[in-house]
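A.B. asks: Predicted model, plus sequence, below.
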Amino acid sequence: MRSRLPVVLVLPAVVGLAFLLVPLAGLLIKAPWATLPAQLFSTEVGQALRLSLICASLATVVCVVLGVPLAWLLARSDLPGRGVLRALVTVPLVLPPVVGGVALLLVLGRRGVLGQHLDQWFGISLPFTTAGVVLAEAFVAMPFLVISVEGALRAADPRFEEAAATLGASRWLTFRRVTLPSVMPGVVAGTVLCWARALGEFGATITFAGNFPGRTTTMPLAVYLALETDPDAAIVLSIVLLLVSVAVLAGLRDKWISGPS
Amino acid sequence: MTLNASLRVSRAGFSLQLDLTLEPGEVVALLGPNGAGKTTALRALAGLIDSSSHITHNGSTWDGLPAEKRPIGVVFQDYLLFANMTALDNVAFGLRARGTRKAEANALALERLEQVGLADFAKAKPRTLSGGQAQRVALARALATSPVLLLLDEPLAALDASTRLRVRSELGRHLQNYPGHTLLVTHDPLDAMVLADRIMIIEDGRLVQQGTPRDVVRQPRTDYVAHLVGLNFYRGTAHDTEVRLDEGGTLTIAEPAQGPVHVVFPPSAVSLFPERPAGSPRNTWQAVVSGIEQHAHTTRVELDGNPPVLADVTTATVAELRLQPGDALWVSLKATEIHTYPR
């Protein structure tokens, strides 16, 4: 039997745990349970919820379509400077999202490096539109997918791809039939993580897409706004986001939470 | 339609230079110690590594072709069956990749599975198959596209001893029936002896000996080969019935010979005595026990002397002589047991 747990460790640990959990509990305690269903189906909340789900899902699609090939390139090619590329891809992970929003504005804004051409030539303007929301969310969320898929690819045995090659399979066929199925758990985990990140996106979205109810006001933005005018609505929206987060964690339980056993 | 390959691979600290000629229907085993370059040779033939090798078959060259463009089939050491596909899909994969329509590919694949006795397992996923079954699916998959060149990389190494025996004889039967060129890479001499028509032995990326299994077993040319086939092996210079060994010592032989020779005899021909044995035209010398190893039915004794020698003795002899490392004994060897051949 080991001696008692040392107080110097237990005390801060308990405080830390409380610090993380009490606010969440507060959210549940202060929730307007009686009017919750009504709130949930009110116009503003429903609108924000619907917009959030659509934008996060579209952003996730963008991330999967672009991110999986990017992960493959980082994991499998013998590109020079691959290490640097990998580091660059993860920059949006640590970059304050609002900076990401500013960066997107500078490039895709009406006077931006690419944006002015998009505007002049095609009449396309991305900032302050729903498409802008999708872009901002994809920008912030893509590294989650790329890192997850790249990790899975690097763990997957490349000799299976060699086996496919000796059977006459092109690299594309090999990727579709052999590589992708073998890293599917990583792709699914990355997709879910990516979607959750997109759903909670605030900084880049409000910077790049602004705050127009029905068009660019996603749930996190609605929470922030409602706090001033309608605190109950803010709590309801927060609870919805909390539930989504918990659901994501539960879904990824085996991959991320259990840790090395 | 001979397949000619001149394999040249070099990378840090290692180079492979190997010229191969494979006849149709012939099974050639590439045998060598770990790190000799066997698998590198196989990968160069398959086009899985960049090399400055030249390969020609039937007037066409394979140089610069990536693996997917070469008419090859490979059985990998741990089979590398695709886990997400059924056995049938695995076997049909190569046909599909080369453009055969699905129904036709599946029919052909099923035929291949039948040939290896696994038609009942067509719908099974690889992880549900035993080691021996997985090996047969891997063989069926490699043969499904009727490749010109079949490459087998340690095809039996992943199997346990009892399964290996059965699978080896089955594999031998399939290789006999296969009309293409076969190259088998192995470090197990038994695989090479049983399966191959010709054995090529490589050490440090170079060919050191080749011949039929019978030749290799009877006349090893390097220490590695002699060790593989379990013979005492020396180099020496013969003068009639006397051979002076390079590393010291002299042996009397029965068949007169002249000049530089290899000298071999089986460890079982060696007898050990506590005292100098009397009479008979024998080779006798003193040696000190340096190691004792228990084999299945005999005990192998390693002795330091002039020359050093391996002796296989019965367990009874071990008990009788109370053999211990460090014991000084007399080694005796009949001249008629010694086999010499020119270097």
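C.D. replies: Sure, I can see it.
A.B. asks: low-confidence ranges in the stretch 151-261 of chain A?
C.D. replies: Confidence mapping of the stretch 151-261 of chain A against pLDDT under 70 gives the ranges A:254-261.
A.B. asks: mind listing what's buried in the lowest-mean-pLDDT helix or strand in chain B?
C.D. replies: Counting by mean pLDDT, DSSP states H and E, chain B has its least confident helix or strand at helix B:315-321, which shows a mean of 85. By neighbour count on 16 or more other C-beta atoms under 10 Å in any protein chain shown, the buried set for helix B:315-321 is B:317-318, B:321. Where you see a C-beta, it was placed from the backbone N, CA and C, and this is true even at glycine.
A.B. asks: what's the answer for stretch A:26-44, then?
C.D. replies: For stretch A:26-44, the neighbour count (16+ other C-beta under 10 Å) marks A:31, A:39, A:42, A:44 as buried.
A.B. asks: Go ahead and confirm A:Gly100 touches A:Phe139.
C.D. replies: Yes: A:Gly100 is in contact with A:Phe139 according to C-beta atoms under 8 Å; the separation is 5.5 Å.
A.B. asks: list the residues that contact both of the two?
C.D. replies: A:92, A:204 (C-beta atoms under 8 Å, 6 or more residues apart in numbering or on different chains).
A.B. asks: Comparing these two, which residue is more hemmed in?
C.D. replies: Neighbours were counted for A:Gly100 and for A:Phe139 using other C-beta atoms under 10 Å in any protein chain shown; A:Phe139 has more, 25 against 21.
A.B. asks: can you give me phi and psi for the more buried one?
C.D. replies: Backbone geometry at A:Phe139, expressed as degrees, to the nearest 10, gives phi -60, psi -40.
A.B. asks: Could I get the pLDDT score of it?
C.D. replies: The model reports A:Phe139 with a pLDDT of 94.
A.B. asks: same thing with B:Leu165?
C.D. replies: The model's pLDDT for B:Leu165 equals 88.
A.B. asks: Please, which helix or strand holds residue 239?
C.D. replies: No chain specified, so I'll use chain A. helix A:231-251 (DSSP states H and E).
A.B. asks: You answered for a different chain; I wanted chain B.
C.D. replies: Using DSSP H and E, B:His239 sits within strand B:232-245.
A.B. asks: Can you give the contact residues for that strand?
C.D. replies: With contacts defined as C-beta under 8 Å, 6+ apart, strand B:232-245 is touched by B:220, B:223, B:226-227, B:246-247, B:250-267, B:270, B:307, B:309-310, B:335, B:338, B:340, B:343.
A.B. asks: what about the stretch 51-200 of chain B, any weak spots by pLDDT?
C.D. replies: For the stretch 51-200 of chain B (pLDDT under 70), the answer is none.
A.B. asks: can you do 90?
C.D. replies: Counting by pLDDT under 90, the stretch 51-200 of chain B contains low-confidence ranges at B:51-52, B:58-59, B:64, B:157-167, B:187-190.
A.B. asks: Parallel or antiparallel, which strands does whatever helix or strand comes next after the strand holding B:His239 pair with?
C.D. replies: Downstream of strand B:232-245, the first helix or strand assigned by DSSP H and E is strand B:250-265. Strand pairing for strand B:250-265, determined by DSSP bridges: strand B:232-245 (antiparallel), strand B:339-342 (antiparallel).
A.B. asks: Can you give me the buried ones in the shortest one?
C.D. replies: The one in question is strand B:339-342. In strand B:339-342, counting by 16+ other C-beta under 10 Å, buried: B:339-340.
A.B. asks: what's the offset of that strand from the middle of its chain?
C.D. replies: Averaging C-alpha positions (C-alpha atoms, centre = their mean, to the nearest Å) puts strand B:339-342 22 Å from its chain's average.
A.B. asks: again, but for the longest one
C.D. replies: Per C-alpha atoms, centre = their mean, the displacement of strand B:232-245 from the mean C-alpha position of its chain is 27 Å.
A.B. asks: Which parts of it count as buried, going by neighbours?
C.D. replies: B:232-234, B:236, B:238, B:243, B:245.
A.B. asks: can those residues go into TSV with extra columns for pLDDT?
C.D. replies: TSV is the format used below for the buried residues of strand B:232-245 (pLDDT from 0 to 100):
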residue	pLDDT
B:Asn232	94
B:Phe233	95
B:Tyr234	95
B:Gly236	94
B:Ala238	93
B:Val243	93
B:Leu245	94
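A.B. asks: Closest one to B:Pro147 out of those, please.
C.D. replies: Set against B:Pro147, the nearest of the buried residues of strand B:232-245 by C-beta to C-beta is B:Phe233 (38.0 Å).
A.B. asks: give me the number of residues near the nearest residue to that closest one once chain neighbours are set aside?
C.D. replies: Leaving out its chain neighbours, the residue that sits closest to B:Phe233 by C-beta to C-beta, 6 or more residues apart in numbering or on different chains is B:Ala226, at 3.2 Å. Residues within reach of B:Ala226, counting by other C-beta under 10 Å, total 18.
A.B. asks: Relative to chain A, how far out is B:Ala226?
C.D. replies: Distance, B:Ala226 to chain A, by C-beta to the nearest C-beta, to the nearest Å: 34 Å.
A.B. asks: same thing with B:Gly25?
C.D. replies: Using C-beta to the nearest C-beta, we find B:Gly25 at a distance of 21 Å from chain A.
A.B. asks: near chain B, which residues of the stretch 51-200 of chain A show up?
C.D. replies: By the rule C-beta under 8 Å from any C-beta of the partner chain, the part of the stretch 51-200 of chain A lying against chain B is A:157, A:159-160, A:162-170, A:173, A:177-178, A:181-182.
A.B. asks: are any of these buried, and which?
C.D. replies: In these, the ones that pass as buried (16+ other C-beta under 10 Å) are A:160, A:162-169, A:173, A:177-178, A:182.
A.B. asks: Show me the two of those that sit farthest apart.
C.D. replies: Greatest spatial distance among those (C-beta to C-beta): A:Gly168 and A:Ser182, at 19.1 Å.
A.B. asks: which residues does B:Ala238 bridge with?
C.D. replies: B:Val243, B:Gly259.
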